[in-house]
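[1] would you be able to build a 3D model of this:
(chains A, B and C)
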Amino acid sequence: MGVVEDKLKKLGITLPRPPSPVATYVPAVRTGNLVYLAGCGPAPRADGSIPKGKLGKDLTIEQGYEAARLTGINLLARMKDGAGGDLDRVKRVVKLLSMVNSAPDFNQQPKVANGCSDLLVEVFGDKGKHARSAVGMAALPNDIPIEIEAIIEVEA
Amino acid sequence: MGVVEDKLKKLGITLPRPPSPVATYVPAVRTGNLVYLAGCGPAPRADGSIPKGKLGKDLTIEQGYEAARLTGINLLARMKDGAGGDLDRVKRVVKLLSMVNSAPDFNQQPKVANGCSDLLVEVFGDKGKHARSAVGMAALPNDIPIEIEAIIEVEA
Amino acid sequence: MGVVEDKLKKLGITLPRPPSPVATYVPAVRTGNLVYLAGCGPAPRADGSIPKGKLGKDLTIEQGYEAARLTGINLLARMKDGAGGDLDRVKRVVKLLSMVNSAPDFNQQPKVANGCSDLLVEVFGDKGKHARSAVGMAALPNDIPIEIEAIIEVEA
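    Got it, this is the predicted structure:
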């Protein structure tokens, strides 16, 4: 078992099948050693439910953090796919754009986005440290609380 | 005539002159084999009008889809420019960020963004399949319904 | 003193220490010759104050322009860091994503974003000309009026 897969097992995380894109696009495109991952939302919880709602209106920061962590699990599934099936081939998480579904007066997007950022550093260590923006969106597909897109660098 | 230009002709699409940036920036920057295209909105319709308004308030999903397709036409004009005047030199559409002008409760951004994504696959085939995020913005310049930025890979 | 540092001095601009990220992420990640800079907000004014508020509600376009210029100063500090301490090693500002905190009916994001774009061209000349999107966010961290992320190309 790979180093990163082993880490996931220790964290009790099972990766879902990568979410199927709902349109004429693909989950990941590689160009050179960079892989661009399509934006995705939270993976289902153990009970099959998926977080919904807007921060500053329907959800607390803690609930947003959980949704961001679940989104990180979906991103890991896409990264595995984008890295040819082996997470150990991820050389660096380069960049996240963390888009938080926000009421107009919600101003704590970084605390929500940390749910995904913290997970990536838990799983990858220093290779998981990324540049990031965490910003407030007016609305997101299917009322998900957060959507995150990512750029990763993979082994040549 | 190039393969892609021929396809555009069959689709009855005439590319506009690339929209002039309205500020101190440029429509496209190339670095290595990647070209970063500035965000743009819909090209004018045949009658010269340009779609305006917010999804979930002023426009239906079908009207949003049309606006996204018109935005794709503007992007194609910029891609041609960014690829040295020859759309056949576009090797891959890598990534779109599709930003939909959205009322707070509008949650069907992917169906709107498909207007551009579908066009790119019609025009480029498999090379047009891209990673994508489709998200809801509070507001956009001049009340356009959608703004899309893109990354493409071009021949070396 | 470097050419760019000299230009900053003539403009009367002192770069702040690069803002510390408030979470598990880093201010800049280099991959190949590209450096991805995390989104940041305005640097403090000379009196230590930081702009706050939403365009179209709390702030005029002129106040937004000033906030964008202050954000440019923060980005320059991060670019210096990301370019190994020497701004002359910045080969090109490739791309900005200028995210303006906007009331739902504010539609002049480009005029606000110019505050940063104009500064980069003043400082870097043609190397400062970039592709850009300027769009309206529902909300931003700590109620800052604008957050900008950037991609730059640096000397090999």
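[2] going forward, measure contacts between C-alpha atoms and count neighbours the same way
    Noted.
[3] is the residue positioned nearest the centre of chain A in a helix, a strand, or coil?
    Nearest to the geometric centre of chain A sits A:G72, at 3.0 Å (CA atoms, centre = their mean). Classification of A:G72 using DSSP: H, G, I helix; E, B strand; the rest coil returns helix.
[4] tell me the contacts of A:K54?
    Shown in contact with A:K54 (CA atoms under 8 Å, 6 or more residues apart in numbering or on different chains): A:101-103, A:139, A:143-145.
[5] so is the lengthiest strand in chain A next to chain C?
    Ranked by number of residues, the top strand in chain A under DSSP state E is strand A:90-101. Yes. Using CA under 8 Å from any CA of the partner chain, strand A:90-101 reaches chain C at A:94-95.
[6] next secondary structure after that strand?
    Tracing the chain past strand A:90-101, the next element assigned as helix or strand by DSSP states H and E is helix A:109-124.
[7] please list the residues outside the worst-scoring helix or strand of chain A on mean pLDDT that contact it.
    When the helices and strands of chain A are scored by mean pLDDT, DSSP states H and E, helix A:3-10 comes last with a mean of 91. With CA under 8 Å, 6+ apart as the test, helix A:3-10 has contacts from A:14, A:87-88, A:123-124.
[8] elements contacting the longest strand of chain A?
    helix A:109-124, strand A:131-137, strand A:146-154, strand C:28-31, strand C:34-40 (3 or more CA pairs under 8 Å, 6 or more residues apart in numbering or on different chains; DSSP states H and E).
[9] is it possible to get CSV of the ones you listed that adds mean neighbour count?
    Converted to CSV, the helices and strands packed on strand A:90-101 look like this (neighbours: other CA atoms under 10 Å in any protein chain shown):
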stretch, mean neighbour count
helix A:109-124, 23
strand A:131-137, 28
strand A:146-154, 25
strand C:28-31, 20
strand C:34-40, 25
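[10] tell me which of these lies nearest to chain B.
    Proximity to chain B, assessed across the helices and strands packed on strand A:90-101 by CA to the nearest CA, is greatest for strand A:131-137 (5.6 Å).
[11] can you list the residues of chain A near chain B?
    Within chain A, the positions lying close to chain B (CA under 8 Å from any CA) are A:22-31, A:36-40, A:137-143, A:149.
[12] show me which of the residues you listed neighbour chain C.
    Among these, the ones lying near chain C by CA under 8 Å from any CA are A:137-138.
[13] one step back: how about the helices and strands packed on strand A:90-101 in JSON lines, adding mean pLDDT?
    What follows is these, written out as JSON lines (pLDDT from 0 to 100):
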{"stretch": "helix A:109-124", "mean pLDDT": "96"}
{"stretch": "strand A:131-137", "mean pLDDT": "97"}
{"stretch": "strand A:146-154", "mean pLDDT": "98"}
{"stretch": "strand C:28-31", "mean pLDDT": "95"}
{"stretch": "strand C:34-40", "mean pLDDT": "96"}
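[14] got the confidence number for the residue of chain A most remote from its centre?
    Going by CA atoms, centre = their mean, the residue of chain A most distant from its centre is A:D105, 24.1 Å out. pLDDT for A:D105: 98.
[15] surely A:I151 is in contact with A:L97?
    No. Counting by CA atoms under 8 Å, A:I151 does not reach A:L97; the two are 9.1 Å apart.
[16] give me the angle between the longest strand of chain A and strand A:131-137.
    20 degrees (axes from the mean of the first three to the mean of the last three CA atoms, to 10 degrees).
[17] and A:P51, what is it in contact with?
    Residues counted as contacts of A:P51 (CA under 8 Å, 6+ apart) are A:42, A:44, A:67, A:144-145.
[18] tell me the least confident of these?
    Among these, A:P44 has the lowest pLDDT, at 94.
[19] how far away is the nearest residue to that residue once chain neighbours are set aside from chain C?
    Spatial nearest neighbour of A:P44, excluding adjacent residues (CA to CA, 6 or more residues apart in numbering or on different chains): A:I50 at 4.8 Å. Applying CA to the nearest CA, to the nearest Å, the value for A:I50 to chain C is 23 Å.
[20] quick check, A:I50 in a strand?
    No. Counting by three-state DSSP, A:I50 is not found in a strand; it is coil.
[21] hang on, it packs against A:G41?
    No. The criterion here is CA under 8 Å, and A:I50 misses it with A:G41 at 9.1 Å.
[22] how about residues contacting stretch A:144-156?
    Residues from elsewhere that reach stretch A:144-156 (CA under 8 Å, 6+ apart): A:32-42, A:51-55, A:64, A:67-68, A:71, A:75, A:79, A:83, A:89-102, A:140, B:133, C:31.
[23] using CSV, list the CA coordinates for it.
    C-alpha atoms of stretch A:144-156 as CSV (Å, rounded to 0.1, in the frame of the first residue of the first chain):
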residue,chain,number,x,y,z
ILE,A,144,-23.6,22.9,-1.6
PRO,A,145,-21.8,25.0,1.1
ILE,A,146,-18.4,24.9,-0.6
GLU,A,147,-16.8,24.1,-4.0
ILE,A,148,-13.1,23.8,-4.4
GLU,A,149,-10.9,23.5,-7.5
ALA,A,150,-7.2,22.6,-7.3
ILE,A,151,-4.0,22.4,-9.2
ILE,A,152,-1.5,19.7,-8.3
GLU,A,153,2.0,18.8,-9.6
VAL,A,154,2.6,15.1,-10.3
GLU,A,155,5.8,13.1,-10.9
ALA,A,156,7.0,13.4,-14.5
